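A.B. asks: Got a sequence here, can you model it:
(2 chains)
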2 protein chains.
Amino acid sequence: MYVSMSRLAIAPERAPALIAAFRGRARLADRASGFIDLQVWQSDRDAGEILMVSRWDDRDAFKAYMKSDAHKFSHDRIDPDLKADIALLRLEHMHTYDVVAE
Amino acid sequence: MYVSMSRLAIAPERAPALIAAFRGRARLADRASGFIDLQVWQSDRDAGEILMVSRWDDRDAFKAYMKSDAHKFSHDRIDPDLKADIALLRLEHMHTYDVVAE
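C.D. replies: From the prediction side, this is the model:
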């Protein structure tokens, strides 16, 4: 199993709009080969810290989705104002992991 | 749903020992009320970056486990040499989240 985790920062008062956008997402990834699930986590200490966590069968499935038109379409439909409000917590905001124990 | 994520750093050559310890864990949390699952994620860019992610029904279930004898026992059985090798990536190494969208 392979995990992609994106760390996003947003002003706490804009967090509900970001969460609403995730809840209304196009769900195109869900149909991608090798997709397992996607969750959005909000820190209970800092409402502006949001993690988007998706799990995949393996790295190849994730890579294929990232290069797909479905991924491009999903990102293109994010509201530009909301996009502008999202800061990346680090220069390299996406982290990827192998699941090594359960 | 509630998530606890601990970020651990270890020398890459010691990572296999840490992962082996997780695989051989006592699995006491699994019997705790409100426990959903636990996974260990290893960065595929930095073998020494390990995340321990556990999911719970809610914050109360997690808090109750953290105060339990089962949690203390689980931590006490970690090899002291291994424990000494684990650095905390930040001063505050444990992060907790509410699952706000799926």
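A.B. asks: where does chain A have low pLDDT?
C.D. replies: For chain A, the stretches with pLDDT under 70 are A:88-94.
A.B. asks: For it, which residues are neighbours of chain B?
C.D. replies: A:1-3, A:19, A:22-23, A:25, A:37-45, A:49-51, A:59, A:95-102 (C-beta under 8 Å from any C-beta of the partner chain). (Each C-beta comes from the backbone N, C-alpha and C, glycine too.)
A.B. asks: quick one: the nearest residue to A:A17 once chain neighbours are set aside and B:L28, what's the gap?
C.D. replies: Nearest residue to A:A17 in three dimensions, chain neighbours excluded: A:L82, at 5.8 Å (C-beta to C-beta, 6 or more residues apart in numbering or on different chains). Distance, A:L82 to B:L28, using C-beta to C-beta, to the nearest Å: 42 Å.
A.B. asks: more neighbours, these two?
C.D. replies: Higher neighbour count among A:L82 and B:L28: B:L28, with 17 against 14, using other C-beta atoms under 10 Å in any protein chain shown.
A.B. asks: and the more buried one, what are its phi and psi?
C.D. replies: Backbone geometry at B:L28, expressed as degrees, to the nearest 10, gives phi -70, psi -40.
A.B. asks: now A:F35
C.D. replies: The phi/psi pair for A:F35 (degrees, to the nearest 10) is phi -70, psi 140.
A.B. asks: Would you confirm that it contacts A:S4?
C.D. replies: No - between A:F35 and A:S4 no contact is recorded; they are 10.8 Å apart, counting by C-beta atoms under 8 Å.
A.B. asks: Can you pull the residues that touch both of those two?
C.D. replies: Applying C-beta atoms under 8 Å, 6 or more residues apart in numbering or on different chains, one finds that A:F35 and A:S4 are jointly contacted by A:54, A:56.
A.B. asks: and the spatially most central residue of chain A, what are its bridge partners?
C.D. replies: By C-alpha atoms, centre = their mean, chain A has its centre lying nearest to A:M52, at 3.5 Å. For A:M52, the beta-bridge partners are A:S6, A:V40 (DSSP bridges).
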